[in-house]
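Engineer: show me how the following folds:
(one chain, ligands or ions: 1)
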Amino acid sequence: MSTRALLVTSSVLGENGQSIALANHFESRAAARDSVTVTKRDVVANALPHLDIAELGAWQTPADKRSDEQKALAAQSDNLLEELRASDVLVIAVPMYNLGIPSQLKAWFDRVLRAGETFRYTENGPKGLIEGKRAIILAARGGMYAGTEMDSQTPHLKSMLGLMGITDVEVVYAEGLNMGEAQRDAALKEAFQAIDQLVEAL
Ligand SMILES: Cc1cc2nc3c(=O)[nH]c(=O)nc-3n(C[C@H](O)[C@H](O)[C@H](O)COP(=O)(O)O)c2cc1C
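Structural biologist: As a prediction, this is how the structure comes out:
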């Protein structure tokens, strides 16, 4: 049985991005395995606007009652949801920008975190509706934050994934990438090895 990976990239530096180097490594290792297929989603090259009231209104309007503008707005999210649902493993390559995720990646999450589609509100709080999916986060950072209170990025990503019901989440960190060549090379080497192991296990 094949494993379908959705590889989301979010660096503003395009192919020069260090998180893209992690994503490219994942992709090339996955390509070496017949049983893994990779679909790519670059949320910077295909940047979405901020979520606004018009788009929320489109979601809340029954499909057969939507205006042409609302149909186009709802399609943005519908298409991304379809892409997400069609995957077994969600791989997110994410740079740390100003202690958080790139706003383009937040805009993607704003489209796939949709009440009634990927989670629903219950008397006991929100319940994720995505089942049987796991996620891998490939985190590139200039400094060192993993496991410290200042790392508000990975917990945020895990919370957003958890809201949808994706609770099986592995994180590969490449940290200290702007702390000298030796640190950068060592961090990338370690991250590539971790990715090799994760791809082997897919
Ligand atoms: C606008 C901007 C903000 C950044 N903010 C942080 C930060 O808060 N913490 C950190 O460790 N690195 C920060 N960095 C460094 C990046 O995380 C690092 O260069 C990483 O490799 C970026 O991934 P990318 O090359 O795929 O874009 C920042 C870089 C940029 C361009």
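
Engineer: only C-alpha atoms for contact and neighbour calcs from this point on.
Structural biologist: Noted.

Engineer: for the protein, identify the residue most remote from the centre.
Structural biologist: Relative to the centre of the chain, the most outlying C-alpha is that of K65, 31.5 Å out, by C-alpha atoms, centre = their mean.

Engineer: for the ligand, see how far away that one is.
Structural biologist: Applying C-alpha to the nearest ligand atom, to the nearest Å, the value for K65 to the ligand is 41 Å.

Engineer: likewise W59?
Structural biologist: As it turns out, when the distance is counted by C-alpha to the nearest ligand atom, W59 lies 32 Å from the ligand.

Engineer: could you say which helix or strand contains that residue?
Structural biologist: For W59, the host element (DSSP states H and E) is helix 53-60.

Engineer: before we move on, what about Q76?
Structural biologist: Taking DSSP H and E as the definition, Q76 sits inside helix 68-85.

Engineer: distance between the following helix or strand past that helix and the chain's centre?
Structural biologist: With elements assigned by DSSP H and E, the helix or strand that comes after helix 68-85 is strand 89-95. For strand 89-95, the gap between its own C-alpha mean and the chain's C-alpha mean amounts to 4 Å (C-alpha atoms, centre = their mean, to the nearest Å).

Engineer: now G165: closest residue in space that isn't a chain neighbour?
Structural biologist: Leaving out its chain neighbours, the residue that sits closest to G165 by C-alpha to C-alpha, 6 or more residues apart in numbering is G128, at 3.9 Å.

Engineer: thought that neighbour was touching T167?
Structural biologist: No. Counting by C-alpha atoms under 8 Å, G128 stays clear of T167, with 9.5 Å between them.

Engineer: which parts of this protein are helices?
Structural biologist: Secondary structure of the chain (DSSP state H): helices located at 18-31, 53-60, 68-85, 103-112, 153-164, 181-200.

Engineer: which residues are contacting the third one?
Structural biologist: Surrounding helix 68-85, the residues in contact under the criterion C-alpha atoms under 8 Å, 6 or more residues apart in numbering are 6, 54-55, 57-59, 63, 90, 111-112, 130.

Engineer: report the rounded mean pLDDT for it.
Structural biologist: The predicted model assigns helix 68-85 a mean pLDDT of 97.
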